[in-house]
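Trainee: Would you be able to build a 3D model of this:
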Amino acid sequence: MRTTNSITGSTSKTGKKSDWLVGFAVLMLISASASASVGFNSLDSLSAKQHITPKFDYLHLDREIDNTTVNVQTDYRKFRDGVNAYFQESFTDAINILLPLAKRNNSSAQFYVALMYDQGHGVIKNYSIAASWYSRAAKQGHIDAQYNLGIAYASGQGVKHSVKSAIHWWKSAAINGSVDAQYNLGMVYTTGNGIERNAMLAARWWAKAADKGDAAALFNLGVLYVNGGKGLQRNLCKAGRMWKQSAEQGFSRAKSALRMLQAMGRGRVTKSCWSTAKK
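Mentor: Sure thing, here's the model as predicted:
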């Protein structure tokens, strides 16, 4: 499912210590991706985050039901029963309840049906059918479906592999507030798999994810500020600040990065530098 892309940094011919930091940052990226578990800590995979699986929440169900369906109250009860069955792992019951709602164009039911075909729960696993249901829900604005459809295009499961299509759907989800999509967009613009690398755009999307508390996005922002790139100027103080914020959230690689940054800076990069730097 994953497309591996190592992130490499360029070094100048001067041999200055700042170039050591560039090499260090790249090493951090590679070691991070090698040791990360499934999730947003991995930087060398285009689809580092697996498909979104919703968490059960009765309050969320009130927002899930599609008010355009024929009988809102009846459909709500059926949808609730279907979701209950899904989370109780009674997948055959779940698909039998939710599939008729999905066929009546209920985007939330379409998402769950797609998820079950994606996972092989209650039905024979079929990525093509899953992608088709994700697409129907995504076109109606279902955020998680938009994100998962992006994953499908990034991995080529059920649809023809297309980075541009993945970006399209991740952007749709990201604009609507999906932190996962914001993170993946940052990764795509950093790795440049199928598109031109753009550090400024990567930083912009990772900053949005970081603003919502994503510690890995903060760490990655720090790496970008160490390396610099198209549209983004190197700034070691900002890098330190990003890593400090990430470390405060318990992100262990950010703690290591801070220690290395201070040691390799040899007095030029200090704690006061990243304590006073503005985001």
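
Trainee: where along the stretch 101-250 of the chain do the helices fall?
Mentor: Using DSSP state H, counting those that start in this stretch, the helices of the stretch 101-250 of the chain run over residues 107-119, 127-138, 143-155, 163-175, 179-191, 199-211, 215-227, 236-248.

Trainee: From the contact counts, what lies against the third one?
Mentor: If contacts are counted by 3 or more Cβ pairs under 8 Å, 6 or more residues apart in numbering; DSSP states H and E, helix 143-155 sits against helix 107-119, helix 127-138, helix 163-175, helix 179-191. In short, each C-beta sits where N, CA and C put it, glycine included.

Trainee: CA-only coordinates of that helix in CSV, if you can.
Mentor: Written as CSV, here are the backbone C-alpha positions of helix 143-155 (Å, rounded to 0.1, in the frame of the first residue of the first chain):
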residue,chain,number,x,y,z
ILE,A,143,-14.7,14.5,5.0
ASP,A,144,-13.5,11.1,6.1
ALA,A,145,-14.6,9.7,2.7
GLN,A,146,-12.6,12.4,0.9
TYR,A,147,-9.5,11.5,3.0
ASN,A,148,-9.8,7.7,2.4
LEU,A,149,-10.4,8.2,-1.3
GLY,A,150,-7.1,10.2,-1.3
ILE,A,151,-5.5,7.2,0.3
ALA,A,152,-6.9,4.9,-2.3
TYR,A,153,-5.5,7.1,-5.1
ALA,A,154,-2.1,7.3,-3.4
SER,A,155,-1.9,3.6,-2.9
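
Trainee: buried sites along it?
Mentor: 143-155 (16 or more other Cβ atoms under 10 Å).

Trainee: If you average the pLDDT over it, what comes out?
Mentor: For helix 143-155, the mean pLDDT works out to 93.

Trainee: That helix to helix 107-119, inter-axis angle?
Mentor: Per axes from the mean of the first three to the mean of the last three Cα atoms, to 10 degrees, the angle that helix 143-155 makes with helix 107-119 is 30 degrees.

Trainee: start at 342 instead
Mentor: Renumbered: residue one is now 342, and that last one reads helix 484-496.
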